[in-house]
Every structure is written in C-alpha cells, then in structure tokens.
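In: My questions are about this predicted structure, shown below with the sequence.
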Number of protein chains: 2
Amino acid sequence: MKPINVGLLGIGTVGGGTFTVLQRNCDEITRRAGRPIRITVVADKNLELAKQVTGGACRLTDDAFSVVNDPEVDVVIELIGGYGVAKQLVMQAIANGKHVVTANKALLATNGNEIFQAAQDKGVMIGFEAAVAGGIPIIKAVREGLTANRIEWVAGIINGTTNFILSEMRDKGLPFDTVLKEAQRLGYAEADPTFDIEGVDAAHKITLLASLAFGIPVQFEKAYIEGISKLDAVDIKYAEQLGYRIKLLGIARRTPEGIELRVHPTLIPAKRLIANVEGAMNAVLVQADAVGATLYYGKGAGAEPTASAVIADLVDITRMHTADPENRVPHLAFQPDAMIELPILSMDDVISSYYLRLRVADKTGVLADITRILADEQISIDAVIQKEPSDGEIQADLILLTHQTREKCINAAIVKIEALGVVAGHVTKLRMEELGK
Amino acid sequence: MKPINVGLLGIGTVGGGTFTVLQRNCDEITRRAGRPIRITVVADKNLELAKQVTGGACRLTDDAFSVVNDPEVDVVIELIGGYGVAKQLVMQAIANGKHVVTANKALLATNGNEIFQAAQDKGVMIGFEAAVAGGIPIIKAVREGLTANRIEWVAGIINGTTNFILSEMRDKGLPFDTVLKEAQRLGYAEADPTFDIEGVDAAHKITLLASLAFGIPVQFEKAYIEGISKLDAVDIKYAEQLGYRIKLLGIARRTPEGIELRVHPTLIPAKRLIANVEGAMNAVLVQADAVGATLYYGKGAGAEPTASAVIADLVDITRMHTADPENRVPHLAFQPDAMIELPILSMDDVISSYYLRLRVADKTGVLADITRILADEQISIDAVIQKEPSDGEIQADLILLTHQTREKCINAAIVKIEALGVVAGHVTKLRMEELGK
C-alpha cells in the first residue's frame, strides 16, 4: 500500500529520535498502522547534521517552507519550536491541507485556538501528544479514555528538569543553584533554563490539559506561574519532616466560580504515588467523577520518549487514511493480516529470579549442601538469610534469593534440596521481578 | 443530531453504573461525542431491578436476544458475563451489524479470535476497554498511545481483589483465610472468589494485553496461572524485610524464544512505584523500546470506574459515526461548537492549604500574636512546629500548616505577620495539596 509521506521540520534531539525510531521499528509500526510511514524530506538549517542523522535516506533541504508547500507531503512534523517561524509553517501546512504533528507546547498554549480553528476549517488533524508529558499518552487518555467523566482536577509533574532538580535538592540537601549547575552539566537543564525553572514550560502544558479537561479555549495568559528558583532547601527538609514532598505541579481545577490554572512548588503528602515520582520522570494525576483518580507516569522528555508520542500521532493519522472508520484501530492493535504466531513459552522455560524459603536443621554444613545443589544447576545466589530458631525449636527458616535462572533449573534444584535429610517439608518458591533499574 | 441508540444487556453493578453515569454526565458526554448517547432498551432477567435502576427512562425486556435483533439499536453493551449466552448474544449482535461494547474478559480471552474476526468481517467495532483494569484506559494506551514502540514486557496488578487481600495481609500480618473473609464481608471478594484468588481473572486480562502488545492471537489456554490462596503471610513479612513487596502480577514478556505469559505472586522491589499500589487499585507497567517504562494507575473494578471505560468505548463509536474521520476526535476533546467560556480564577481567589515558615524571636507571646492574625483572617491552623534556635542564635524557625483558605486571605495575613516586630525578614509561603484521600 502507498506509504504515508512525512515532511520533518527540525532534525534536533526529538527530530533525530523520531527518524531513528521510525526506521528501527518500521516493521512493527507498519503492522500496526496498516501502511508504511516514510519520512521523505527533512528540513533543517544544519544540513550537515541532517545528512549525518538521516544517512542519505531521504531528501534534505534548508527551506522548511518548501516542505509545507510540497504536494507530495501528506503530514508535516513541526519540531522547530517557538512562536515565530514555527507558527507560519504550521499555518501554511494547514492551509495546504496537510496534517500536522507537533511537540510545540509554547505555540499551542499561546496560539492554539487559532491553529485548531484553522485545522477544523480545512479538515486536517493537529497531533500534539508530544507537547504534554513527552512519551506518556496523556492527551489520548484525557481526550478519548476519560470521555465518560466530569473531570474535577488535573495535577501534573510535567517538567522533568525541575523534578530532577527538586529530587536532587531533597536527596543531597543541596541548594538550588548548585543542583541547577549539576543538571546543566548532565544535560537535564538547558544553558538558559528560564522556561523550565520558572514554570513557564509547565504552564504551557497545564494550559493545554485544562482545555482538554474542561472544554475551554486555551488561555495561557491567565495562568498563574511560579517556578522553583527561589525555593529554599530548608523548606524541602522541613516538608520532609512533616511527611510531605515538594513538587512543581501544574494544577487545573474546576470550582463553582471558575477554573484554577496554576503552576507552583507544592507540598504533597509523601505517601501519594505522585509524590514518589523522582528524577526527570513525569506523572499526571486526573481526578474525575466516575473513574476516580487515575495516574499516568513515564518519561516526559528526551529524544525517543518524545518521538514515541510524535509517532503515535503519525499512526493515528495513517490509520485514518488507511482503513474504513470502523476498522481504524485494529481490535488487537495490529492489523488482522499482520498478526504473527509466536510460541507461548512453557513455564519450564521462563527465566526469573527466585525467593526460596525452607526449614532446616540448625547445624553446620546445611548451607553448604544447599548451595552445592544450586551450583550444580548453574544457579547463583544473590543473598542468603538465616533466621535464628525460635526458643525451643531446633529448625530455622533459611531464605535464599537467586539470580536469574530457568524455572526448570530451580525446580530440579528444589527436588534435590527437599530430598536432603536436614530439610523439613517443602521448599516455598516465589518468583521475583526487578521491573526496572 | 439523531442520538446513538444503545441496548444494554445486564443491569447489575456495571450496567447500573453505566446507566447512572450516562445520565448524570449526559451534557458533558454529548459535548465530547458530538451527539447524544441514549440507552433505549435494557435487558435483564430481573425486571424489577431494571425498573428500579432505570426509573422508567427506557424500555425493559427480559429477552436479551430481542435487543441484539432490534433494528433500532446501534450499539449493544454486553455486561452479562461468562462464555455461554453472552457469546451467542455478541455473535448475533455482530451478525446483525451492531457494534458491541463489553467488559467480558473471560469471553474475549477464550473466544476473542473468533469474535474479532467476525467483527472485522462485518465492519463493526468491539470495544473492550472495560475488560482490562476497569477504568484505566490501558487498552487505548497500548493500542494507540504506544504504537511507535517495540513493547518488551507488560506487568500488571490487574485484579483488585487479590491486591486488596495482599495489602491487608502485609498491613495487618494476617493469614490469607482471615483476610479473604474480611474482603468478602466488605464486598471486595465475591462469595465464590475462585476466579480472583486463583489468578484466572488476571490471566484473562494479561492474555488480552499480551495480544495487544505483541500482535499475537489470544491464547488464554497457554497462560501459566498461580493464585495467592497458598501464599503464607510469613513470606510477605520476610520479603518486606528484604526490601520487597509481594504482588499478584500478570506478566507478558517477549523473549528471543517466545512469549512468557504468566500470573503468579511476585516479589518486586519496594521502591518501585508499582510496588506501592495498595488496596483494590490496579496498575499496569509497560516497558517499551522508545518510550521506556510507562505506568497506568487507577481503579480496576467497581460500578462507575468500569462504566467509565464502557462509556469511553461508546464515545469512540459515536464519534466515528458523527464526524468525518479527520474530525473524529476534537482537538481539545470537546466539539468545537461545544467549547464553553469559564472564567480562569485570579490567584487571589484560589483555595489552598499553606505552609508558612518564618524566623521569630525566641520569646513568649510570639505564637499568640501570629495565630491571632490568622484567626482574624478566618484561617485555621492544622499544625505548628517550632524549631529550637541553633547554638548562639536568638531566632528560631516557626512553621505553620494551615487548613484551606483563599490566597488573598493568607496574603493579607502574611503582610500583618511580617509587620510584627518579633518576625525577622519575609514569610516563606508554599501551597499544599492533598491530591486524594
């Protein structure tokens, strides 16, 4: 089937990520979208960089307007940023009947009403999943997943730079300025960090979320914005002692008198899940009348996480062009003719770490016998905890944590361990998963 | 515009919730969907109950087949459950060209391939967001939000009953049987809890998630299933001492040899966000190559949370019938002609709790002066912490936490407090949000 032709404006971090992910996951994405998605032309001022990233796989130009005016281009991805030329390009693309995908929250928070109106008039889509919370599909969740609800409020950690700084200030007890310098060194903060640390970026995003939640026009100019640059480390410490964490939150809340739209450092109870979102991670908490609270967590920035959202919008647009409306999204995510048969592994072949608990006679040599059996099955031990026998007992609980092994190996070892005279009864086996780093 | 006519099969917990939410949020849902969604007929064996729930607002019948054969019905919601008559009804609705929305994970995990094929052939949609993790829009996230990614694994707490039981066992150190009885008394576990506690329900759900993540047919019969009924409280305690929590996880993982598809109690590091999902809440963690880890958290069961997912599917179907494909989902979630102007509140009018820190002379009467000022502004105090002065200092930090008040009241109080002779410098003010119960 004829590919969807995409023109990419800007081959910086997110543009490069988008190019890379589209190329790497080409098969998987086509199986989901129903037809190939192909970047046919890239516009960037830095042609040398563009050449390097694309490796000659597509046409290059330093004239972005030639891309939005190119009749061969179906969709334009705008990753230039800012309100100037980016706006002209988006408006021109719309005027030319092209769909637009953008990560430009600044543009949409300030000019969204005009842009969405123009898109509506021309019958094109503006995908902006990447504009809020990076790779977290929060716009889709609010716009399509929570449509049954009267949304009461949205509160989000939607700026990774400031969350990284706040996490470091708390962890290390350091002042803001020191941590900011460290964040700049590590690439978590830009050379001019103003938009991040003063809350402007978060305000752009909460402005968009407020419109999605309440059905109101975007009104960035009415948002209250307070950043973290004046935050004293002592307040983080005191908040901690009182059972609170300080996070830079974007908050949009419906009240009988109107909508609260605000960004500021906020104390939240440390026991809340969202209070435990650390480092550069993002999370959005939505309180709604039917579903209650739902939370969405993930990476809010970076090349590939943001590319994930950009490409999700591309797939949405591609699916719309490819199938009848009722077949737009395949029931099982992949097109019916692109399902594959992968074997489902027998449990014997599953790889996991294990927790073993057994009751053993409290005498020397027991542990040596058990560890030898495990070693024979190529199972290495991560930790051993021997509990002292209770008063009057002659047996003790022994707990072993293993490194990864196959289920059939641990099962074979358990049979041998249970056959040892010093082991009483059965071995309790539980599986362990790290689920992250 | 002509309403979408819905026939509802089963007016039990979720059916009742769906009816209630559709009625309560009728305006908001219509503003999003573009046309009214109307339940025109309800089928239930218990006509008395149906009458009570619907209050005579729609036609009632005890013959569910008459609903799926009714030419006036556009969409059928199947909330009967099980594999028997529910399957016949779903297949008949499809044969009659009707879209189907269902929360029936058992049916789809065992008969999904046949049902989706039939739907594909007839050009109708099967919405099943409610079948996995209740109100969390996880199917939409995997099917549409993460389409750029090669998904590596999915791990979910996808059964609220067992998570409630495990949380209680840990909190109270009680054995499984005792907590199960308590869960049954509280309505968190059914009279026959087998499907929940033995992991069958979670296996139905992870089977569906595996298909969505990897593009494979549903293969419930190949899932490994181990429940929590044999779990010993002592292992929860030992796991805790080792820095782990035990959760019943559904896991689907891609390996070079095939797909792991399994449900069992699992030790996970206590510091992971998902390890801190307590009580009857659900959460799904997805690891994917571009976006990294994303987590989705919310209520996995209950009348209105599940209704939230059912209605989201109804809105999806309605939007498809209502607008041209490119206008299917409005840019800002609500139809452009249904946007409203709500005032954005000035920060002065925002209501919040506050954290105040000030340096005060270490002498009697200071606190009385300050609390009087707050009382004059109708601000009540939640907590006061007075820090002892450091060696050689004559001033101490005083921290006040207030109950909710208006920003202008706290600002007025701060001006007066700063004017007190015993207060040095400025008062540090931070806002506090509970973000839940």
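Out: Great, that's in hand. Numbers count the residues shown, from 1 in each chain, chains lettered A, B, ... in the order given.
In: Which residue is most remote from the mean position of chain A?
Out: residue A:392 (53.7 Å; CA atoms, centre = their mean).
In: Can you tell me the SS state at that one?
Out: Three-state call for residue A:392 (DSSP: H, G, I helix; E, B strand; the rest coil): coil.
In: wait, does the helix or strand harbouring residue A:209 make contact with chain B?
Out: In the assignment (DSSP states H and E), residue A:209 maps to helix A:200-214. Yes. Against chain B, helix A:200-214 shows contacts by CB under 8 Å from any CB of the partner chain at A:211-214. C-beta coordinates here come from the backbone N, C-alpha and C atoms, glycine included.
In: how does chain A divide into domains?
Out: A:4-134+A:304-338, A:138-301, A:347-432 (automatic domain parsing).
In: now those domains in CSV, with mean pLDDT?
Out: CSV is the format used below for the domains of chain A (pLDDT from 0 to 100):
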stretch, mean pLDDT
domain A:4-134+A:304-338, 97
domain A:138-301, 97
domain A:347-432, 94
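In: Mind putting these into TSV with distance to residue B:295?
Out: Below are those laid out as TSV (distance: least, CB to CB, whole Å):
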stretch	distance to residue B:295
domain A:4-134+A:304-338	12
domain A:138-301	4
domain A:347-432	19
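In: report the longest helix in chain A, please.
Out: Identified as the longest helix of chain A according to DSSP state H is helix A:303-322.
In: which helices and strands sit right next to it?
Out: strand A:4-9, helix A:13-24, helix A:26-33, strand A:37-43, strand A:75-78, strand A:99-102, strand A:126-127 (3 or more CB pairs under 8 Å, 6 or more residues apart in numbering or on different chains; DSSP states H and E).
In: quick one, which of these is nearest to residue B:177?
Out: helix A:26-33 (45.5 Å; CB to CB).
In: just to revisit the earlier point, just want the phi and psi numbers for the residue farthest from the centre of chain A.
Out: Residue A:392 has phi and psi values of phi 80, psi -10 when expressed as degrees, to the nearest 10.
In: Check residue A:299 too.
Out: Residue A:299 adopts backbone torsions of phi -80, psi 130, taken as degrees, to the nearest 10.
In: Give the burial count for it, as a bare number.
Out: 23 (other CB atoms under 10 Å in any protein chain shown).
In: Likewise for residue A:58?
Out: 17.
In: Hmm, it is touching residue A:44, no?
Out: No. Applying CB atoms under 8 Å as the test, residue A:58 and residue A:44 come out as separate, 11.8 Å apart.
In: what do these two both touch?
Out: Between them, residue A:58 and residue A:44 share no contacting residue under CB atoms under 8 Å, 6 or more residues apart in numbering or on different chains.
In: just the helices in the stretch 151-300 of chain A please.
Out: Using DSSP state H, counting those that start in this stretch, the helices of the stretch 151-300 of chain A run over A:160-172, A:176-186, A:194-197, A:200-214, A:233-241.
In: for chain B, what are the nearby residues on the stretch 51-200 of chain A?
Out: By CB under 8 Å from any CB, the residues of the stretch 51-200 of chain A that approach chain B are A:99, A:112, A:116-117, A:119-120, A:123-126, A:128-129, A:134-137, A:140-150, A:155.
In: out of the helices of the stretch 151-300 of chain A, nearest to residue A:68?
Out: Of all the helices of the stretch 151-300 of chain A, helix A:200-214 comes closest under CB to CB, at 22.8 Å.
In: Let's see the distance spanning stretch A:58-78 from one end to the other.
Out: 17 Å (CA to CA, to the nearest Å).
In: same deal with stretch A:64-72?
Out: Across stretch A:64-72, first to last residue, CA to CA, it's 14 Å.
In: what sits up against that stretch?
Out: So stretch A:64-72 is in contact with A:5, A:7-9, A:40-41, A:43, A:61, A:73, A:76, A:80, A:85, A:88-89, A:92-93, A:96, A:98, going by CB under 8 Å, 6+ apart.
In: picking up where we left off before, kindly reformat the helices and strands packed on helix A:303-322 as JSON lines containing mean neighbour count.
Out: Below are the helices and strands packed on helix A:303-322 laid out as JSON lines (neighbours: other CB atoms under 10 Å in any protein chain shown):
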{"stretch": "strand A:4-9", "mean neighbour count": "26"}
{"stretch": "helix A:13-24", "mean neighbour count": "22"}
{"stretch": "helix A:26-33", "mean neighbour count": "20"}
{"stretch": "strand A:37-43", "mean neighbour count": "22"}
{"stretch": "strand A:75-78", "mean neighbour count": "28"}
{"stretch": "strand A:99-102", "mean neighbour count": "27"}
{"stretch": "strand A:126-127", "mean neighbour count": "24"}
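In: what's near enough to touch the nearest residue to residue A:73 once chain neighbours are set aside?
Out: Closest residue to residue A:73 apart from its sequence neighbours, by CB to CB, 6 or more residues apart in numbering or on different chains: residue A:7 at 4.0 Å. Residues near residue A:7 by CB under 8 Å, 6+ apart: A:39-43, A:67-68, A:70, A:73, A:75-77, A:98.
In: Mind picking the two most distant members of the residues you listed?
Out: A:42 and A:98 (15.6 Å).
In: Look up the residues forming beta bridges with the spatially most central residue of chain A.
Out: By CA atoms, centre = their mean, chain A has its centre lying nearest to residue A:298, at 2.8 Å. Note on residue A:298: beta-bridge partners by DSSP bridges are residue A:282.
In: Does it touch residue B:295 like I think?
Out: Yes. When contacts are counted by CB under 8 Å, residue A:298 is listed as touching residue B:295 (6.9 Å).
In: Run through the bridge partners of residue A:262.
Out: residue A:224, residue A:251.
In: For it, which residues are in contact?
Out: Residue A:262 makes contact with A:206, A:223-226, A:250-251, B:347, B:350, according to CB under 8 Å, 6+ apart.
In: what's the spacing between residue A:109 and residue A:199?
Out: 13 Å (CB to CB, to the nearest Å).
In: I meant residue A:131, not that one.
Out: 16 Å.
In: Residue A:296 too?
Out: 21 Å.
In: try residue A:404
Out: 44 Å.
In: who's more crowded, those two?
Out: residue A:199 (27 against 13).
In: quick one: that one and residue A:251 touch, right?
Out: No. Residue A:199 lies out of contact with residue A:251 (CB under 8 Å); the separation is 11.4 Å.
In: any common contacting residues for the two?
Out: Joint contacts of residue A:199 and residue A:251 (CB under 8 Å, 6+ apart) are residue A:263.
In: got the contact list for whichever strand or helix holds residue A:382?
Out: Assigned by DSSP H and E, residue A:382 belongs to strand A:381-386. The contact list for strand A:381-386 (CB under 8 Å, 6+ apart) reads A:353, A:367, A:371, A:374, A:396-403, B:238, B:241-242.
In: Indicate each strand paired with it and its parallel or antiparallel sense.
Out: If you go by DSSP bridges, strand A:381-386 pairs up with strand A:395-402 (antiparallel).
In: Report the angle between the partner strand and helix B:233-241.
Out: 50 degrees (axes from the mean of the first three to the mean of the last three CA atoms, to 10 degrees).
In: Can you spell out which helices and strands pack onto the helix or strand just after strand A:395-402?
Out: Going down the chain from strand A:395-402, the next helix or strand is strand A:405-406, by DSSP H and E. When contacts are defined as 3+ CB pairs under 8 Å, 6+ apart, strand A:405-406 packs onto strand A:351-361.
In: helices or strands next to the strand it packs on in the packing?
Out: Strand A:351-361 packs on helix A:366-376, strand A:395-402, strand A:405-406, helix A:407-418, strand A:423-432, helix B:233-241, going by 3+ CB pairs under 8 Å, 6+ apart.
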